[in-house]
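Chemist: got a predicted model here, sequence first, then my questions.
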Amino acid sequence: MSACAPTRTDHSKRTERIHPTHSPPPGPHRRFRIAGADVSASIAVFLIALPLSLGIALATGAPLQAGLVAAAVGGIVAGWVGGAPLQVSGPAAGLTVVTADLIQRYGWRTTCAITVLAGLAQLGLGCLRVARTALAVSPAIVHGMLAGIGVTIAVAQLHVVLGGTPQSSVLDNLRALPAQLAGLQPAAVAVSALTLTLLLLWPRIPGRVGSLVQRVPAALVAVTGATAVAALAGLTLPKVDLPSWSSHALAGLPEGPVLGLMAAVLTTTLVCSVQSLLGAVAVDKLIASRPDLLSARSTRVGRSDLDRELLGQGAANIVSGALGGLPVAGVAVRSSANVQAGAVSRNSTMLHGVLVVVAALLMVPILDLIPLASLAALVMAVGIQMVSLHHIRTVTRHREVLVYAVTTLGVVVLGVLEGVTLGIAVAVAVALHRLARTRITHHEKEGVHHVHVRGQLTFLAVPRLSRILHLVPQGTHVVVELDGSFMDHAAYEALQDWQKTHTARGGSVELTGRRSGTGLDTGTDVEAEAEAETGSETGAGVDFRSGTGTGIRTGLATSTGAGLDTGQGGSTAPAAHVRAGEVPIADCRCRPWTPWRNHQCEVPRETTQTPQTPQALSPTPTPTPTSLTAQSAESTDAARPAEATAAGAPETAQRRGKRETPESPESAKPRETKRPPQPGQPEQPGHPGEERRPGASVEPGEHQLVRGISAFQRNTAPLVRGELARLAREGQQPTQLFLTCADSRLVTSMITSSGPGDLFVVRNVGNLVPPPGEESGDDSVAAAIEYAVDVLKVRSITVCGHSGCGAMQALFDTEPGGARTPLQRWLRHGVPSLERMADGGRPRARLAGRAPVDAVEQLCLTNVVQQLEHLRAHESVTQALRSGALELHGLYFHVGEAQTYLLTEAASGDGELFGHVGETGVPA
């Protein structure tokens, strides 16, 4: 915990406050305090919860007061006890189908008793601390369940929208739909259409007016507008009828078959728990996009305690059921609104529950004016939104669409519990099929026999593997490519026995995988020896292992830092596989991104500077830069330095080359900034902040390039080949044009978390956009803009500047009348940025939370704003902006902080503001 954050011990009676030296002394301690941000957030959530609670109660067939009771109890009890402070609980659309079925089967009072029993079951699960186990359910099953519930809700409420009454099941509703369409009521349809229109168009109001009016929730505007129009037009429609609270029905003793009641409790517990826990995880992601919530100056909001959240949901369901309310669960819509409205503690959730209580007691005459058709249209829209196209694309990409479809259809046709059970069964069957499915192919190419094994190599695949291997003629060269993540002992022994037999009969075998140097040992535990010398790599690889510990080790790993680690920093391949004259991969310290060291790969002096011996001399000449381009990038002979490696060097000398690990003291040293050389002083070689260590040298640039290409072909190409093949077939369809500086420290794919096909990137010195025109224009940038907007139909263009920009420094230092070099001629497009910064009548661009450190950073910020103006002057951009098909964004990336700032419109008119990404309303 930060030293500036309030702390409390078990024995302290007062909160110890630590304040800056020059700040006034703290005021008297108050035991209960509600921040202004929590008050405003609670009002925003209340305005969303009020109509939705009534609509969900209407959709379930429960008394309308039950929705208000559940909303109040969910806010107060779950907000106070739960482990996700910013999650808002209440009646959820995901429980509509379950609750409606229970009411029809057992009646309302028994349904309330089932809710109480489900809450007790949640308390038991929370005490057993099994909340994390619920997250083991396949996302395809969860999304399929929600989609099936959404379809059921939408079809049922469609009857109310048309002026009728829904049936008990989806199939009955579909069969009754033609008759309902023949006898629809125009007044109900008109009110419902108005509600849906306001609900869809309100968030899409453009400009400054839209940003102001959108602070009022669309659901409240839609219901209020429809209610006002119905009242002014004098339409005769069924409306909300809240009876007196004195006649409100409370929970009774459960009545019905024991097995049916147990299944009902299990279903309610399952849906409430899974939805609430997944919602808590989603809220954690939203909080992570709000840096102000994680700072020491505000209330610290930590990660959700899922077991405590399960206890809080159980307590809320017990109270809600006992008071005659609907089942309670975490609600995604209200939770996201709570976070985006600026809530900083659980007080916002609790205060929203208090406001619901006040409304239920004092606003009954106003609530009685709401037409039921308007509430039905609102709930129908929520049900349609539960069928998420994003989720469908995600499960399709992960080949889980069968599980998703079966779960959805099962929920729609059979019910929630039955549908989820079917989904789990299909998911298990798909997992077993993938585990047991192994594709083994054999083909001959240029006299070499290739055996490709794709999938998990288990004992089930041994008969097919043996049959394919025995088709290979004796005395031939065989390449066996293992493309999978697991090999059991039976498959390992079968492959090893065949390798020994084939080699003994004059043949040769090359075993390859996703990493260079992958191979089977031939009698010694090579992997154990290598790990003993290179150190343990816990979690840094996927093993093909036999029961005795020997086997094949692939180099795929996910770093604990920020990206994909190809495992080059710690190869476990035996040094005997490294040929004379090569630089071993194990001697490379570059492990993107954990951390990246700018390809300053140190090669041990034993490898590069050993005097050549007759045995080390190779008849192959040292490749020149020209000959290097003709070599295959997939060859293991990727780079040969000028000094050949002695063939007789010990294996340990090659494996024990100078390497840094993340735990080494050298890697923990802060990197120093390299200053430009002073006139008359030669620039020191080496990378900034790194001293050249004894016994090490840097390989030439051409070898670095070929080494990187070779590493890509071995480690990354197999992983992205399928996606790149799809892009090659379908063509590029990027959604954004990203225009940024050519600075090598600015890695666009890293700071945007993008991949192939996502960004159409234009880079130049200074991220400049020349204005259109024959004299000042630049055809290369203008052509890229025209192609991106008119041909690729990108939806947004981003201009990204960065700190420490050399182009801006050069522009700032340029003296008028000097020599017109190509760089200075290009930088003339940045002169308007310099003039804009010098104009005292214009407000200056600024960063949220601090001022620019110097004039160069001020120019970098101003340049982003000015280049956006140049961009708007291009004809294709102007037309796309006018039609609403394009958006423009400005970014500023601070290299030293690894922090991205997004340009926003400052409402106060005091200049353009660059705010932290996540604080500006952009989804993280």
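Modeler: Yep, it's here. All figures in this text were calculated on a predicted structure; none of them were measured in a lab.

Chemist: spatially nearest residue to W80 (excluding sequence neighbours)?
Modeler: M350 (5.8 Å; C-beta to C-beta, 6 or more residues apart in numbering). Every residue, glycine included, has its C-beta placed from N, CA and C.

Chemist: same question, L323
Modeler: Using C-beta to C-beta, 6+ apart, the closest residue to L323 is V69 (5.3 Å).

Chemist: quick one: contacts of stretch 191-207?
Modeler: 161-162, 210, 213-214, 218-219, 221-223, 225-226, 229-230, 235, 237, 371, 373-374, 376-378, 380-381, 884 (C-beta atoms under 8 Å, 6 or more residues apart in numbering).

Chemist: helix, strand or coil for S335?
Modeler: helix (DSSP: H, G, I helix; E, B strand; the rest coil).

Chemist: show me the contacts for it.
Modeler: Here S335 is in contact with 86-88, 279, 282-283, 286 (C-beta under 8 Å, 6+ apart).

Chemist: out of those residues, list just those in helices.
Modeler: Those of these mapping onto helices are 279, 282-283, 286, per DSSP state H.

Chemist: and which of those is nearest to A62?
Modeler: Relative to A62, the closest of the ones in helices among the contacts of S335 is G279; by C-beta to C-beta it sits at 21.9 Å.

Chemist: show the contacting residues for the nearest residue to that closest one once chain neighbours are set aside.
Modeler: Take G279 and drop its neighbours on the chain: the residue closest to it by C-beta to C-beta, 6+ apart is G330, 3.4 Å away. G330 sits next to 78, 84, 87-89, 92, 275-280, 283, 309, 313 when contact means C-beta under 8 Å, 6+ apart.

Chemist: isn't the residue nearest to W80 up against G82?
Modeler: No: if you go by C-beta atoms under 8 Å, M350 and G82 don't touch, sitting 10.4 Å apart.

Chemist: looking at these two, which is more packed in?
Modeler: G82 (30 against 19; other C-beta atoms under 10 Å).

Chemist: from S276, how far off is the more buried one?
Modeler: Distance of G82 to S276, computed by C-beta to C-beta, to the nearest Å: 8 Å.

Chemist: tell me, what's touching these two both at once?
Modeler: Counting by C-beta under 8 Å, 6+ apart, the shared contacts of G82 and S276 are 89, 309, 313.

Chemist: now do whatever helix or strand the last one lives in: which elements does it pack against?
Modeler: Under the criterion of DSSP states H and E, Q313 resides in helix 306-322. Using 3 or more C-beta pairs under 8 Å, 6 or more residues apart in numbering; DSSP states H and E as the contact test, the elements touching helix 306-322 are helix 64-73, helix 79-81, strand 89-90, helix 108-128, helix 131-134, helix 258-288, strand 329-330.

Chemist: quick check: Y901 touching R846?
Modeler: No: using C-beta under 8 Å, Y901 is not in contact with R846; the gap is 10.0 Å.

Chemist: overlap in contacts, the two.
Modeler: Joint contacts of Y901 and R846 (C-beta under 8 Å, 6+ apart) are F914.

Chemist: tell me which of those two has more neighbours.
Modeler: Neighbours per residue (other C-beta under 10 Å) separate Y901 from R846, with Y901 holding more: 25 against 18.

Chemist: which of the ones in helices among the contacts of S335 has the most neighbours?
Modeler: G279 leads these on contacts (other C-beta under 10 Å) with 27 neighbours.

Chemist: could you pull up the residues touching that one?
Modeler: 84, 87, 329-332, 335.

Chemist: one more time with 10 Å
Modeler: Going by C-beta atoms under 10 Å, 6 or more residues apart in numbering, G279 touches 84, 87-89, 92, 94, 304, 309, 313, 329-336.

Chemist: can you check G755 too?
Modeler: G755 sits next to 720, 723-724, 727, 749 when contact means C-beta under 10 Å, 6+ apart.

Chemist: do me a favour and average the pLDDT over stretch 408-426.
Modeler: For stretch 408-426, mean pLDDT is 87.

Chemist: how long is that stretch end to end?
Modeler: 12 Å (C-alpha to C-alpha, to the nearest Å).

Chemist: in it, what counts as buried?
Modeler: Buried residues in stretch 408-426, counted by 16 or more other C-beta atoms under 10 Å: 408-412, 415-417, 419-420, 422-424, 426.

Chemist: so which of the residues you listed is the closest to T441?
Modeler: So of the buried residues of stretch 408-426, ranked by how close each gets to T441 (C-beta to C-beta), first place is V426, at 28.4 Å.

Chemist: thought the closest one was touching G410?
Modeler: Yes: assessed by C-beta atoms under 10 Å, V426 is found in contact with G410 at 9.1 Å.

Chemist: mind listing the shared neighbours of these two?
Modeler: Joint contacts of V426 and G410 (C-beta under 10 Å, 6+ apart) are G144.

Chemist: I'd say V411 and I153 touch.
Modeler: No: contact criterion C-beta under 10 Å: V411 and I153 do not qualify, at 11.1 Å.

Chemist: joint contacts of the two?
Modeler: Counting by C-beta under 10 Å, 6+ apart, the shared contacts of V411 and I153 are 97, 170.

Chemist: now do the SS call for E510.
Modeler: With three-state DSSP as the criterion, E510 reads strand.

Chemist: how close does it get to L727?
Modeler: With C-beta to C-beta as the criterion, E510 and L727 are 31 Å apart.

Chemist: compare these two (neighbour count), which wins?
Modeler: Legend: neighbour count by other C-beta under 10 Å for E510 and L727, higher for L727 (15 against 12).

Chemist: so who does the more buried one touch?
Modeler: Neighbour list for L727: 720, 733, 755-757 [criterion: C-beta under 10 Å, 6+ apart].

Chemist: pull out the buried members of those.
Modeler: G757.

Chemist: now the stretch 301-450 of the chain, which segments are flagged as low pLDDT?
Modeler: 301-302 (pLDDT under 70).

Chemist: err, the chain, not the other one
Modeler: In the chain, residues with pLDDT under 70: 1-33, 134-135, 245-247, 289-302, 513-702, 774-777, 817-819, 905-911, 918-924.

Chemist: now with 50, please.
Modeler: For the chain, the stretches with pLDDT under 50 are 1-24, 27-30, 295-299, 514-519, 521-698, 906-909, 919-924.

Chemist: and R763, helix, strand or coil?
Modeler: Applying three-state DSSP: R763 is strand.

Chemist: distance-wise, check it relative to L903.
Modeler: Counting by C-beta to C-beta, the separation of R763 from L903 is 19 Å.

Chemist: between the two, which is the more surrounded one?
Modeler: Taking neighbours as other C-beta under 10 Å, R763 and L903 compare with L903 leading, 23 against 14.
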